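Colleague: Fold the following.
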Amino acid sequence: MQILRPAFISAAVIAAGALSLGGCATEDYVNKQVAGVDAHVAAVDSRTQGQLDAHQTHLGQLDQTTQDALNRATAAGKLAEGRFLYAMVLSDDSVKFGADSSKLSPEAQARLADLVEKLKSENRNVYLEIQGHTDATGSETINQRLGEARAEAVRLFMNQHGVALNRMSTISYGATTPVAENKTRAGRAQNRRVVVIVMA
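Modeller: This next block holds a predicted model:
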């Protein structure tokens, strides 16, 4: 028994050493794996941060557009609550919007200048809804854009002559609300118009 005891102890020491070495090998392996995962996570974090920065920049660019839209929506809300005072129609009778044109003629500019002076002399807090209309020539999409362009031309002209932008709202009806037959040249000319609704 005493002869076997040192051999047993030696075997135990060797086994413990092997386990110890195995433990070190396992720890090195785990450390290498963790380091690889950490590197991958860092790369993903970097890409994600880049994407977040890009989205933040894009949102910043949209912010001004959103604010403009909000201002118009607010003005439109005030218009909806307002009381109708009167309307002024710019049509072919005196203004002559050309076919497929949103350019204000000298006659249109003179009439708008008169309206601006009237608004200033009355000194009232009014809101204007500027409605753009077209004849039935062209597609629905083109007519919507043309109606908006005509209304916007009026809005910009009035703003340049002293009417605040937040007191005006534009809307395009395209060819959806004709006041005359679109079958004749005279009828189409009457439908190419802008209506300015003045509300208190």
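
Colleague: can I see the domain layout of the chain?
Modeller: 1-81, 84-199 (automatic domain parsing).

Colleague: which of those has the lowest average pLDDT?
Modeller: Least confidently modelled of the domains of the chain is domain 1-81, at a mean of 56 by mean pLDDT.

Colleague: Which residue ranges of this protein form strands?
Modeller: Here the chain has its strands, by DSSP state E, at 84-90, 127-133, 168-174, 194-199.

Colleague: Determine the set of other helices and strands touching the last one.
Modeller: What it means is strand 194-199. When contacts are defined as 3 or more Cβ pairs under 8 Å, 6 or more residues apart in numbering; DSSP states H and E, strand 194-199 sits against strand 84-90, strand 127-133, helix 140-160. Where C-beta positions appear, they are placed from N, C-alpha and C, glycine not excepted.

Colleague: ok, that strand: who's next to it in the sheet?
Modeller: strand 84-90 (antiparallel), strand 127-133 (antiparallel) (DSSP bridges).

Colleague: Format these as TSV; extra columns: distance to Q190 and mean neighbour count.
Modeller: Below are the strands paired with strand 194-199 laid out as TSV (distance: least, Cβ to Cβ, whole Å; neighbours: other Cβ atoms under 10 Å):
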stretch	distance to Q190	mean neighbour count
strand 84-90	9	15
strand 127-133	9	24
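
Colleague: Would you format the ones you listed as JSON lines with distance to Q160 included?
Modeller: Shown next, in JSON lines, are these (distance: least, Cβ to Cβ, whole Å):
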{"stretch": "strand 84-90", "distance to Q160": "16"}
{"stretch": "strand 127-133", "distance to Q160": "14"}
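
Colleague: out of the ones you listed, which comes closest to L115?
Modeller: Each of these has some distance to L115 by Cβ to Cβ; the shortest is strand 84-90, at 5.8 Å.

Colleague: L165 touches E152, doesn't it?
Modeller: No: applying Cβ atoms under 8 Å, one finds L165 not in contact with E152, separated by 11.0 Å.

Colleague: and those two? which has more neighbours close in?
Modeller: E152 (17 against 14; other Cβ atoms under 10 Å).

Colleague: The more buried one is in contact with T170, isn't it?
Modeller: Yes: using Cβ under 8 Å, E152 is in contact with T170, at 5.6 Å.

Colleague: and for the two, which residues touch both?
Modeller: G132 (Cβ atoms under 8 Å, 6 or more residues apart in numbering).

Colleague: quick revisit: closest to D114 out of the strands paired with strand 194-199?
Modeller: Nearest of those to D114, taken as Cβ to Cβ: strand 84-90 at 9.2 Å.

Colleague: returning to what we had before: and the strands paired with strand 194-199: which comes nearest V196?
Modeller: Ranking the strands paired with strand 194-199 by proximity to V196 (Cβ to Cβ) places strand 84-90 first, at 4.6 Å.

Colleague: Which residues belonging to stretch 116-124 are considered buried?
Modeller: 116, 119 (16 or more other Cβ atoms under 10 Å).

Colleague: Could you export that stretch as CSV, keeping only the C-alpha atoms?
Modeller: C-alpha atoms of stretch 116-124 as CSV (Å, rounded to 0.1, in the frame of the first residue of the first chain):
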residue,chain,number,x,y,z
VAL,A,116,-53.5,94.3,-51.8
GLU,A,117,-54.1,98.1,-51.4
LYS,A,118,-57.8,97.4,-50.5
LEU,A,119,-56.7,94.9,-47.9
LYS,A,120,-54.1,97.4,-46.5
SER,A,121,-56.6,100.2,-46.4
GLU,A,122,-59.3,98.1,-44.6
ASN,A,123,-56.6,97.2,-42.1
ARG,A,124,-58.3,93.9,-41.2
